[in-house]
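# the following block contains a protein sequence and its predicted model.
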Amino acid sequence: MLKCLQIVIDISCAIVSSRNLGNFKIYAECIAILGRQEYLNGTLVERQTKAVGLRNLLVHE
């Protein structure tokens with residue numbers, strides 16, 4: 001599961017970078033930027049942001 005979460009995060013951040021959509025310092029910002037740019041809808045932004053939090057718990061605990 002951790003690997004799947006990381007892949008989604010990596011793809012999200014790659015899209016933000018490759019399309020010059022904005023700058024991010026943390027993974028959750030990638031998701032937020034994609035939401036603001038309407039690549040993701042509000043529900044998906046909320047779910048993916050929670051997934052980033054879960055990933056952080058799994059990695060750092």
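Looks like it arrived, so ask away. Residues are numbered from 1 along each chain as shown.
# contacting residues for the residue sitting nearest the centre point of the chain?
Taking C-alpha atoms, centre = their mean, the centroid of the chain lies closest to residue 31, which sits 3.6 Å from it. Counting by C-beta atoms under 8 Å, 6 or more residues apart in numbering, residue 31 touches 12, 40, 45, 48-49, 52. In short, each C-beta sits where N, CA and C put it, glycine included.
# and it, what helix or strand is that in?
Using DSSP states H and E, residue 31 maps to helix 27-36.
# just the C-alphas of that helix, formatted as PDB.
Only the C-alpha atoms of helix 27-36 are listed here, as PDB (Å, rounded to 0.1, in the frame of the first residue of the first chain):
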ATOM      1  CA  TYR A  27       3.700  16.500  -0.900                       C
ATOM      2  CA  ALA A  28       0.200  17.700   0.100                       C
ATOM      3  CA  GLU A  29       0.900  21.000  -1.700                       C
ATOM      4  CA  CYS A  30       1.100  19.000  -5.000                       C
ATOM      5  CA  ILE A  31      -2.400  17.700  -4.400                       C
ATOM      6  CA  ALA A  32      -3.700  21.200  -3.500                       C
ATOM      7  CA  ILE A  33      -2.100  22.700  -6.600                       C
ATOM      8  CA  LEU A  34      -3.800  20.100  -8.800                       C
ATOM      9  CA  GLY A  35      -7.100  20.900  -7.200                       C
ATOM     10  CA  ARG A  36      -6.700  24.700  -7.700                       C
END
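# now it: buried residues?
Neighbour-count burial for helix 27-36, counted by 16 or more other C-beta atoms under 10 Å, picks out 27-35.
# report the mean per-residue pLDDT for that helix.
For helix 27-36, mean pLDDT is 97.
# what number of residues lie near the closest residue to residue 39 other than its chain neighbours?
Leaving aside its chain neighbours, residue 39 sits nearest to residue 15 (6.8 Å; criterion: C-beta to C-beta, 6 or more residues apart in numbering). Residues within reach of residue 15, counting by other C-beta atoms under 10 Å, total 16.
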